[in-house]
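J.: give the three-dimensional model of this entry:
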Amino acid sequence: MNFYVMTLFPEMVMQGLNTSILGRAVERGTIAIEAVNIRDYTTDKHGKVDDYTYGGGAGMLMQAQPVYDTYLAVNEMIKKKQEDARTRVIYVTPQGKTFSQDMAKELAGEGNLVFLCGHYEGIDERVLEEIVTDYVSIGDYVLTGGELPAMVMIDAIARLVPDVLHNDESAQTESFHNDLLEYPQYSRPEVWRDKAVPSILLSGNHAKVDEWRLEQSIERTKRLRPDLYEKWEARQK
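T.: Numbers count the residues shown, from 1 in each chain. Here you go, the predicted structure:
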């Protein structure tokens, strides 16, 4: 799977994503991540990519031309890789649909994803209408740019791509799978600061362990995320 990030700060994106699990997946060729600098495609001799907004108002707006030409360049990169030409372009914006685990699962099935990161007061509406297929937010708050949200989404999506995680079962037992939060987990030593590991986990009875973990997931979800618990309970009925 290929991720492309259209950004003014490519170093920020690559430094954040080329580490740990995702970095190893890139080395193996399981996924590819490329940050494309929008400034490289401006026609302004000074590298300018923003200007004042029509109608007045505070702040500057990213112009349509450099964003659109960056998009065309990314499309050429995809064609050179002989990948499926179908490409979803995700504009990272607080005005979009809220990102979720279900959305991550859906997007993990794509061959290519392009993320468009805005800055300043946003991006000229005309180029958004021309190239964007999905408007997505990671929450009801405003950040200085779209890079951090794009990195969050890429991390969540990439770990659902086959062979990215070392243990393929990991993604099936984590929080939000089946609308339940993950059960508590423990490691050595058996007793730490007078707190002992639950005896059931030391029993060797895998059926009982699975039963205990499910009970803990249900209880934790009911206590911490009643909204998720209601969804889970409704599906049980």
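J.: from residue 225, how far out is the spatially closest residue to residue 159 that is not a sequence neighbour?
T.: Spatially, and ignoring its direct neighbours in sequence, residue 159 is nearest to residue 165 (5.6 Å; CB to CB, 6 or more residues apart in numbering). Every residue, glycine included, has its C-beta placed from N, CA and C. Separation of residue 165 from residue 225 (CB to CB, to the nearest Å) stands at 23 Å.
J.: then residue 4?
T.: For residue 4 relative to residue 225 (CB to CB), the value is 33 Å.
J.: so the two - more neighbours on which side?
T.: Per other CB atoms under 10 Å, whichever of residue 4 and residue 225 has more neighbours is residue 4, with 24 against 17.
J.: strands paired with the helix or strand hosting that one, and their directions?
T.: Per DSSP states H and E: residue 4 is located in strand 2-7. Using DSSP bridges, strand 2-7 pairs in its sheet with strand 32-37 (parallel), strand 112-117 (parallel).
J.: winner for burial among those strands?
T.: strand 112-117 (a mean of 25; mean count of other CB atoms under 10 Å).
J.: ok, residues contacting the helix or strand just after that one?
T.: Later in the chain than strand 112-117, the nearest helix or strand by DSSP H and E is helix 125-131. For helix 125-131, contacts defined as CB atoms under 8 Å, 6 or more residues apart in numbering pick out 64-65, 67-68, 71, 89, 91, 116.
J.: the closest residue to residue 33 other than its chain neighbours: how many residues sit nearby?
T.: In space, and not counting its chain neighbours, residue 33 is closest to residue 3: 4.7 Å by CB to CB, 6+ apart. Residue 3 has 25 neighbours, counted by other CB under 10 Å.
J.: repeat that for the one 4 residues further on.
T.: Other residues lying near residue 7 total 26 when counted by other CB under 10 Å.
J.: tell me what it is bridged to.
T.: Applying DSSP bridges to residue 7 gives these bridge partners: residue 37.
J.: what's the spacing between the residue with the largest distance to the centre of the chain and residue 87?
T.: Most distant residue from the mean C-alpha position of the chain: residue 194, 38.8 Å away (CA atoms, centre = their mean). According to CB to CB, residue 194 stands 56 Å off from residue 87.
J.: so which residue is dead centre in this protein?
T.: residue 153 (0.8 Å).
J.: hang on, that residue packs against residue 139?
T.: No - counting by CB atoms under 8 Å, residue 153 does not reach residue 139; the two are 11.6 Å apart.
J.: quick check: closest non-adjacent residue to residue 212.
T.: residue 200 (4.7 Å).
J.: now swap in residue 97 and tell me
T.: With CB to CB, 6+ apart, the residue lying closest to residue 97 is residue 136, at 5.8 Å.
J.: helix, strand, or coil at that neighbour?
T.: strand (DSSP: H, G, I helix; E, B strand; the rest coil).
J.: ok, now which ones touch the nearest residue to residue 10 once chain neighbours are set aside?
T.: Residue nearest to residue 10 in three dimensions, not counting chain neighbours: residue 35, with 3.5 Å by CB to CB, 6+ apart. Listed by CB under 8 Å, 6+ apart, the contact partners of residue 35 are 4-5, 7, 10-11, 13-14.
J.: if you set the cut-off to 7 Å instead, what comes out?
T.: Going by CB atoms under 7 Å, 6 or more residues apart in numbering, residue 35 touches 5, 7, 10, 13-14.
J.: that'll do, ta.
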